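Q: What shape does this take:
(one chain, ligands or ions: 1)
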Amino acid sequence: MKSRYPCLEVNLFKLRENITIVKNMCDKNGIKLAGVIKGFSGFAEAAKMYEDAGVDFIASSRLEQLEQVKAGGVKTPCMCIRIAMLSELERLVHAAEYSLQSEIEVLKALDKAAGRKGTIHNVILMVECGDLREGFWSEEELVEAALLVENDLPNLYLAGVGVNVGCYGSVNATNAKLQEFVDKAELVEKAIGRKLDILSGGGTSSLPRILDGDMPERVNMLRVGEGIAFGKDMPDYYFYDIEGINKDVFILKAEVVEVKRKPTHPIGELVVDAFGNKPVYEDRGIRNRALVAIGRVDYGDPFDIEPVEEGIKVLGASSDHTILDIEDAGREIKVGDVIEFGIRYSSSVYLTNSPNVRYVFY
Ligand SMILES: *Cc1c(COP(=O)(O)O)cnc(C)c1O
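A: Okay, here's the model as predicted:
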């Protein structure tokens, strides 16, 4: 087959290794693992790796991804981790065995949808602990919802409670923050008179608690996406290294369409770029540059992709072109050459949703 660019190469073997590393970390601490696949739009080939490695749940925020996973023959229980839309509950009970919830009205409607399907659907009630995205802020309302599911909604099972940290509010998953969550979980347990099966203590940003050995004992489930698929947030933002994690599961390849020596500072009266921004341009004289045929439409922010080769630097981008400084590249770069980039969560969410980008698995 003739090559077509841009393409995203996915190393399923490296992905599988990463899943196993994080799963072993969790296992040793009595923590169940939900493999979150939304960061790369959840294609079934990758979901199979999560199943092979034996994760307890496969999780996504998007029903179409979970539907795709089920259609691909994956049997691992699926979990929908975006609190549900009232309009998708019929689909939800088919696509997922578990879901995160935070609204009493939705719980009542979900109970009916599960009843119509003739199944018991498992719910995890989200508890707000300060990151200020989803979850019950009022403890009274949390307990009310828990009692409702426990006693009055026959087609729902209250599997547990969960918390979200490090998302909207950038709140750190410290031991104290997760202990706050455990305290709220115990309020629920006291009200319903039994222990909850699941205390889901966050995602990748909670992994440092395992590494430091100070995860509150009652937290027994994590929902990990970035830390498995990309492995970049831990070293770059939290300054932890998880031994053996591959940071190159995904490699982006784009084709060079122009190579020319040009000035580094624009010439003329400067207004705004194609996106209404006023970037600052450093004048470094005349340098060799390459344009590759991929742009913001495909990956979002050009500084969220990183050339693999030393000496190549991203200067900026418009919708469909990315401009690279190749003055210090270790080889001659010509039109038609292919440049490789490492990607991260923030670029992958776009790249894997772009119809222009082809997947290649190996
Ligand atoms: C995306 C998401 C996760 C996974 O987050 P990572 O930082 O990628 O590990 C976990 N829980 C919820 C509710 C999410 O939306």
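Q: For the rest of this, base every contact and every neighbour count on C-alpha atoms.
A: Noted.
Q: Leaving out sequence neighbours, find the closest residue to the residue of the stretch 51-200 of the chain found nearest the ligand.
A: In the stretch 51-200 of the chain, the residue that lies nearest the ligand is residue 81 (4.7 Å; CA to the nearest ligand atom). Excluding the flanking residues, the one nearest residue 81 by CA to CA, 6 or more residues apart in numbering is residue 61, at 4.8 Å.
Q: tell me, how many neighbours does the one you found end up with?
A: 21 (other CA atoms under 10 Å).
Q: thinking it is in contact with residue 80, fair?
A: Yes. Assessed by CA atoms under 8 Å, residue 61 is found in contact with residue 80 at 5.5 Å.
Q: How many residues are close by the residue of the stretch 51-200 of the chain closest to the ligand?
A: Residues contacting residue 81 under the criterion other CA under 10 Å number 22.
Q: what's the longest strand in this protein?
A: Looking only at the chain and at elements set by DSSP state E, the strand with the highest residue count is strand 250-263.
Q: got a list of contacts for that one?
A: Taking contacts as CA atoms under 8 Å, 6 or more residues apart in numbering, the residues outside strand 250-263 that touch it are 5-11, 230, 283-294, 333-343.
Q: Find me the pLDDT at the residue nearest to residue 81, would you?
A: Among the per-residue scores, residue 61 shows a pLDDT of 97.
Q: cool, residue 362 as well?
A: Per-residue confidence (pLDDT) for residue 362: 86.
Q: which residues touch the residue lying closest to it once chain neighbours are set aside?
A: Counting by CA to CA, 6+ apart, residue 362 lies nearest to residue 11, which is 5.2 Å off, once chain neighbours are set aside. Going by CA under 8 Å, 6+ apart, residue 11 touches 248, 249, 250, 361, 362.
Q: Around the ligand, pick out the residues from the stretch 201-350 of the chain.
A: Counting by CA under 6 Å from any ligand atom, the positions of the stretch 201-350 of the chain adjacent to the ligand are 202, 203, 204, 223, 224, 225, 226, 227.
Q: same thing but 5 Å
A: 203, 204, 223, 224, 225, 226 (CA under 5 Å from any ligand atom).
Q: Need the max-distance pair from the residues you listed.
A: Maximum pairwise distance in these, criterion CA to CA, is 9.8 Å, between 223 and 226.
Q: shaky segments in the stretch 251-362 of the chain?
A: Low-confidence regions of the stretch 251-362 of the chain, defined here as pLDDT under 70, do not occur.
Q: the helices in it, which residues?
A: 296-299, 345-351 (DSSP state H, counting those that start in this stretch).
Q: Can you name every helix or strand that the first one contacts?
A: Using 3 or more CA pairs under 8 Å, 6 or more residues apart in numbering; DSSP states H and E as the contact test, the elements touching helix 296-299 are helix 345-351.
Q: Other residues contacting the helix it packs on?
A: Helix 345-351 is contacted by residues 8, 38-41, 226, 230, 297-301, 304-305, 357 when judged by CA under 8 Å, 6+ apart.
Q: tell me the contacts of residue 128?
A: 134, 135, 136, 137, 163, 164 are the contacts of residue 128 under CA under 8 Å, 6+ apart.
Q: now it, nearest residue through space, not along the chain?
A: Nearest residue to residue 128 in three dimensions, chain neighbours excluded: residue 135, at 4.4 Å (CA to CA, 6+ apart).
Q: gap between that neighbour and residue 94?
A: Using CA to CA, to the nearest Å, one obtains 23 Å as the distance from residue 135 to residue 94.
Q: Of those two, give the one with the bigger neighbour count.
A: Set side by side, residue 135 and residue 94 show more neighbours around residue 135, with 23 against 18, by other CA under 10 Å.
Q: tell me the contacts of that one?
A: Residues near residue 135 by CA under 8 Å, 6+ apart: 101, 102, 125, 126, 127, 128, 163.
Q: Now do the same for residue 235: its pLDDT.
A: Looking at residue 235, its pLDDT is 95.
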